[in-house]
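**Student:** Need the 3D shape of this:
(4 chains)
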Protein chains: 2
Amino acid sequence: MEVAGKKHVKRRRDPEATREALLRAGTELFALRGFDGVTVDEIAAKAGANKALISYYFRGKRGLYRTILQSTLAAGVERQGSLAESPRPPAELLREFIANFHHMATVERPFFPALMLREILESGKTFDDDVVPEVLALFQIVRAIIARGVAEGVFRPVHPFLAHLGIIGSLVFFYATEPTRQRLVAQKRLPVSLPTSKEFLDHIQEIVIRGLAVEPARTDGGTGEDRLMKTEDNGEHR
Amino acid sequence: MEVAGKKHVKRRRDPEATREALLRAGTELFALRGFDGVTVDEIAAKAGANKALISYYFRGKRGLYRTILQSTLAAGVERQGSLAESPRPPAELLREFIANFHHMATVERPFFPALMLREILESGKTFDDDVVPEVLALFQIVRAIIARGVAEGVFRPVHPFLAHLGIIGSLVFFYATEPTRQRLVAQKRLPVSLPTSKEFLDHIQEIVIRGLAVEPARTDGGTGEDRLMKTEDNGEHR
DNA sequence: AGAGTTTAATTGAACGGGCGATTGATACGT
DNA sequence: ACGTATCAATCGCCCGTTCAATTAAACTCT
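**Tutor:** Now for the predicted structure:
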């Protein structure tokens, strides 16, 4: 009742704050450089803590990584909530899924894509029973939406898992590699102007919906309301 | 017994063979586990050579990695050849690009996608002036095809770089993560049957072409007719 | 063609730096 | 004053590189 704000100032002792500082520092570093590419000294330095505390709180570097991975994935998946069970039109749900992913990957959990991609590439060093279900859950959401769209006849009869892989793949790839693109552009090695991630969001929504539609969206047909679903805010964030 | 051929028997001295054995072993291991995830002892063991030879031939582990990366990327890009300059219809070229990528990623250079993805994630540790142009070249091919399609009016007016990122992203992601999927399925942790990569090829071709088309349904079997549920989702209020 | 010499490939051993974990002491909070 | 959080120092191992020694191949000169 006296301390005002446990921000990052790390004044006196605050176990909870240091624990979270370690998690935050580790999340960023692991996402940027991978498990093997980061040393505990770096993490501790970035967190402003002693490196022995990593073992103290998380039983070692691997334990810290596992904690980070699990909570990040869980948070990212949780955001998609009960999308799969909603009775709304599949195309609308897909758009919302992609928009959710965008928001999550740009503001809420900016390190989710890189962490997840790296973990999939590692293929199991930390892929244990705590982590697999999270990845699986994300997969199932898209899968379910698409399967329903196919069943209802609004989507072409695509293999749901295939479609899901295509969608998740382009999303994860885009957001996970964004830092590198920006770096290359800053170094003047990429002679292009980067599109914003918001533009990417709109683009992918359009490609996916049009690509899946049984009867493709008409662009010139009569009334101007052939735009499938609204692409803007769904009533959240801003 | 004693084979005269220079297969893998490594009987007498054969500098060229050992050099290539190191390259092959390194390619696979680096693609599967990343630069930091592999030790020189492992590479040497897999190649059946002494680990000092890595320094001898490639001036160290990093040099071996650089050589592998550069030649793999170059080979993968080269396969796309002069697609960008062909006067054929953009949609056809895009299909061919994707098919080329599929062939390259499945039979010719199975480690290209994982290697490239990892390198992009690393964001420049080895991203030097020998490597960047290769990645750039791949990017430019798709970009050029799409830009022409847009200019000619057969594609919607999408941002070429955006479209390119979506396509490359889903391709690289799919092929780079295939080993992991197979591993998970083998462990009975993924309760799905995996689609073949050939199915994926067809799927992505379809999604991309339909997603980009100005006037859709121009793939085959001229389905000018559509009646199913195209209006279902138009019932939204705005 | 063959002995002798030079060059190149290969090897095992050793070095040294780096890194994650541990430990035992210290100081803070209640 | 007791338990816990924090810290500096240290330990021990792993790994990439280097080096000196060994051997195979290439070359030279009669």
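**Student:** can you map out the helices along chain A?
**Tutor:** Ranges of helices in chain A, per DSSP state H, are A:15-33, A:40-47, A:52-58, A:61-79, A:90-103, A:112-122, A:132-152, A:160-176, A:178-186, A:197-212.
**Student:** name the helices or strands packed onto the first one?
**Tutor:** So that's helix A:15-33. helix A:40-47, helix A:52-58, helix A:61-79, helix A:112-122 (3 or more CB pairs under 8 Å, 6 or more residues apart in numbering or on different chains; DSSP states H and E). All C-beta atoms are positioned from the backbone trio N, CA, C, and that covers glycine.
**Student:** Now render the helices of chain A as a markdown table, adding distance to B:I168.
**Tutor:** Shown next, in a markdown table, are the helices of chain A (distance: least, CB to CB, whole Å):
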| stretch | distance to B:I168 |
| --- | --- |
| helix A:15-33 | 21 |
| helix A:40-47 | 31 |
| helix A:52-58 | 36 |
| helix A:61-79 | 23 |
| helix A:90-103 | 18 |
| helix A:112-122 | 14 |
| helix A:132-152 | 20 |
| helix A:160-176 | 7 |
| helix A:178-186 | 12 |
| helix A:197-212 | 13 |
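**Student:** Show me the one of those helices that comes nearest B:F111.
**Tutor:** Nearest of the helices of chain A to B:F111, taken as CB to CB: helix A:112-122 at 12.1 Å.
**Student:** Tell me who's in contact with A:L93.
**Tutor:** A:L83, A:A84, A:S86, A:I145 (CB atoms under 8 Å, 6 or more residues apart in numbering or on different chains).
**Student:** I figured A:E134 hits A:L73, correct?
**Tutor:** Yes: counting by CB atoms under 8 Å, A:E134 touches A:L73, with 3.8 Å between them.
**Student:** List the buried residues in stretch A:33-49.
**Tutor:** A:R33, A:G34, A:F35, A:G37, A:V38, A:V40, A:I43, A:A44, A:K46, A:A47, A:A49 (16 or more other CB atoms under 10 Å in any protein chain shown).
**Student:** How about it and DNA strand C, any contact?
**Tutor:** Yes: interface with DNA strand C: stretch A:33-49 contributes A:V38, A:T39, A:V40, A:D41 (CB under 7 Å from any atom of the strand).
**Student:** ok, and the closest non-adjacent residue to the third one?
**Tutor:** When you say that, I think you mean A:V40. Using CB to CB, 6 or more residues apart in numbering or on different chains and skipping the chain neighbours, the partner closest in space to A:V40 is A:K51 (4.8 Å).
**Student:** List the residues that contact that neighbour.
**Tutor:** When contacts are counted by CB under 8 Å, 6+ apart, A:K51 touches A:V40, A:D41, A:I43, A:A44.
**Student:** Contact partners for A:R24?
**Tutor:** The neighbours of A:R24, taking CB under 8 Å, 6+ apart as the test, are A:A47.
**Student:** again with A:I120
**Tutor:** A:V135, B:T177, B:T180.
**Student:** Swap in 10 Å and give it another go.
**Tutor:** A:F127, A:V135, A:I168, A:V172, B:L117, B:F173, B:A176, B:T177, B:P179, B:T180, B:R181, B:L184 (CB atoms under 10 Å, 6 or more residues apart in numbering or on different chains).
**Student:** will you turn those into a markdown table that also has neighbour count, distance to A:I141 and pLDDT?
**Tutor:** Formatted as a markdown table, those follow (neighbours: other CB atoms under 10 Å in any protein chain shown; distance: CB to CB, whole Å; pLDDT from 0 to 100):
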| residue | neighbour count | distance to A:I141 | pLDDT |
| --- | --- | --- | --- |
| A:F127 | 19 | 19 | 61 |
| A:V135 | 22 | 11 | 84 |
| A:I168 | 26 | 10 | 96 |
| A:V172 | 23 | 14 | 97 |
| B:L117 | 24 | 23 | 95 |
| B:F173 | 25 | 17 | 97 |
| B:A176 | 24 | 22 | 96 |
| B:T177 | 21 | 18 | 94 |
| B:P179 | 17 | 24 | 91 |
| B:T180 | 20 | 19 | 89 |
| B:R181 | 18 | 17 | 90 |
| B:L184 | 21 | 17 | 85 |
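**Student:** tell me the two of those residues that are most distant?
**Tutor:** It's B:L117 and B:L184 that sit farthest apart of the contacts of A:I120, by CB to CB, at 18.1 Å.
**Student:** quick revisit: for the contacts of A:L93, pick the one with the most neighbours.
**Tutor:** The most crowded member of the contacts of A:L93, judged by other CB atoms under 10 Å in any protein chain shown, is A:I145 (29 neighbours).
**Student:** That one contacts A:L94, correct?
**Tutor:** Yes: assessed by CB atoms under 10 Å, A:I145 is found in contact with A:L94 at 5.6 Å.
**Student:** List just the one of the helices of chain A that sits closest to B:V77.
**Tutor:** Comparing those against B:V77 with CB to CB, the closest turns out to be helix A:178-186 (16.7 Å).
**Student:** how about that closest one as CSV, C-alpha atoms only?
**Tutor:** Taking C-alpha atoms only, helix A:178-186 is exported to CSV below (Å, rounded to 0.1, in the frame of the first residue of the first chain):
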residue,chain,number,x,y,z
GLU,A,178,9.2,-8.8,-40.2
PRO,A,179,12.2,-7.7,-38.0
THR,A,180,14.6,-9.1,-40.6
ARG,A,181,12.9,-7.2,-43.4
GLN,A,182,13.1,-4.0,-41.5
ARG,A,183,16.7,-4.6,-40.7
LEU,A,184,17.5,-5.2,-44.4
VAL,A,185,15.7,-2.2,-45.5
ALA,A,186,17.5,-0.1,-42.9
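**Student:** ok, and does that helix reach over to chain B?
**Tutor:** Yes: taking CB under 10 Å from any CB of the partner chain as the criterion, helix A:178-186 and chain B are in contact, through A:E178, A:P179, A:T180, A:R181, A:Q182, A:R183, A:L184.
**Student:** contacting residues around the last one?
**Tutor:** Applying CB under 10 Å, 6+ apart, we find A:L184 in contact with A:L190, A:P191, A:V192, A:L194, B:I120, B:S123, B:G124, B:F127, B:V132, B:V135, B:L136.
**Student:** was I right about the first one contacting B:L165?
**Tutor:** No: applying CB under 10 Å as the test, A:L190 and B:L165 come out as separate, 12.0 Å apart.
**Student:** Please enumerate the shared neighbours of these two.
**Tutor:** Joint contacts of A:L190 and B:L165 (CB under 10 Å, 6+ apart) are A:R181, B:F139.
**Student:** list the contacts for the closest residue to A:P90 other than its chain neighbours?
**Tutor:** With sequence-adjacent residues excluded and distances taken as CB to CB, 6+ apart, A:P90 is closest to A:G149, at 3.3 Å. For A:G149, the contacting residues are A:89-91, A:93-94, A:155-156, A:158, A:160, A:163, A:209, A:212-214, B:229, by CB under 10 Å, 6+ apart.
**Student:** Can you list the low-confidence ranges for chain A?
**Tutor:** A:1-12, A:124-128, A:216-238 (pLDDT under 70).
**Student:** ok, 50 please
**Tutor:** Residue ranges of chain A with pLDDT under 50: A:1-8, A:216-238.
**Student:** Would you mind listing what in it touches DNA strand C?
**Tutor:** Going by CB under 7 Å from any atom of the strand, the residues of chain A near DNA strand C are A:12-13, A:38-41, A:51-52, A:54-55, A:60-62.
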